[in-house]
Every structure is written in structure tokens, then in C-alpha cells.
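*Asks:* A structural model of the following input is requested.
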Amino acid sequence: MFRPIWTLSVRTRDYLHRYMPSNRLLAAIRTRRGLKWGIPAMLVALPYILIASICSGSAADGGPGWLHLIVLWACWNALKFIIMGPVSVALLIRARLREAVVRRHQRHDSRVEASLREPALRV
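*Replies:* This is a model prediction of the structure:
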């Protein structure tokens, strides 16, 4: 019983991750090259908030009940983009610190190799 449920959830996740534009954009932001776009990508949340506001108002004024699903979808996507901004900044800082450590080790290793190549002074 658990296996079909698990398989269905994995396939649903794969489908949503592969074909939904918001998930594809967030995946691109999580790459090393895309981390710098995390804060500007927070602006993408604004249209989602606008959609949620319009649909919420329409549903409250006697519109169809399925508009609440659109409100949930829009709020969820807006939250994903709002959260991704600070997370991308933290990931970018961590990546730059790692790169600085690697550069420091490379400089140190090159200095050691250069000192080993120098001929020893004989007295």
C-alpha cells in the first residue's frame, strides 16, 4: 500500500519540478551562477500576490469556490520566491567563502612548490 503512494508522490514531484515554470526558475537560482539573482527574483512574488488578492476578493464576493485553490497556489509560489531571496544570499556567501578557502590553499601550495624548486644554499 505504501509503495504505490510513494511512487505516485515521487512522480508528481518529478512532474512538478520538471514542468512548472516557478520550480524551474527556483532550480536555476539555486545553481552557483544563479545565486546572484535570488534577491531580484523576490520581485516575481508580486504578481503571485496580486493573483491571490484578486482571486480571494472574487471568491469572497460570491465567486466559485475553486478560486480558493488558485489563492493557495499563488500564495505558495509567492512564499517560495520570498524565501528564496535570503536563502540565495546565504548560499552565495557560503559559496564565496568556500572559493576563498580554495584560492588560499592553492596560493599556499604554489608557494610551497616554489620554495621546493629553489636550490638549497650550500655552505
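
*Asks:* quick one: buried residues of the strand or helix carrying residue 52?
*Replies:* According to DSSP states H and E, residue 52 maps onto helix 45-60. Neighbour-count burial for helix 45-60, counted by 16 or more other CB atoms under 10 Å, picks out 45, 48, 49, 51, 52, 55, 56, 59. C-betas here are computed from N, CA, C, even on glycine.

*Asks:* and the next element down the chain from that helix?
*Replies:* Scanning forward in sequence from helix 45-60, with DSSP H and E defining helices and strands, the next element found is helix 67-117.

*Asks:* Report the rounded mean pLDDT for that next one.
*Replies:* For helix 67-117, mean pLDDT rounds to 91.

*Asks:* Can you name every helix or strand that it contacts?
*Replies:* helix 21-29, helix 38-41, helix 45-60 (3 or more CB pairs under 8 Å, 6 or more residues apart in numbering; DSSP states H and E).

*Asks:* Need these in CSV (columns: mean pLDDT).
*Replies:* Conversion of the helices and strands packed on helix 67-117 to CSV gives the following (pLDDT from 0 to 100):
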stretch, mean pLDDT
helix 21-29, 89
helix 38-41, 92
helix 45-60, 96
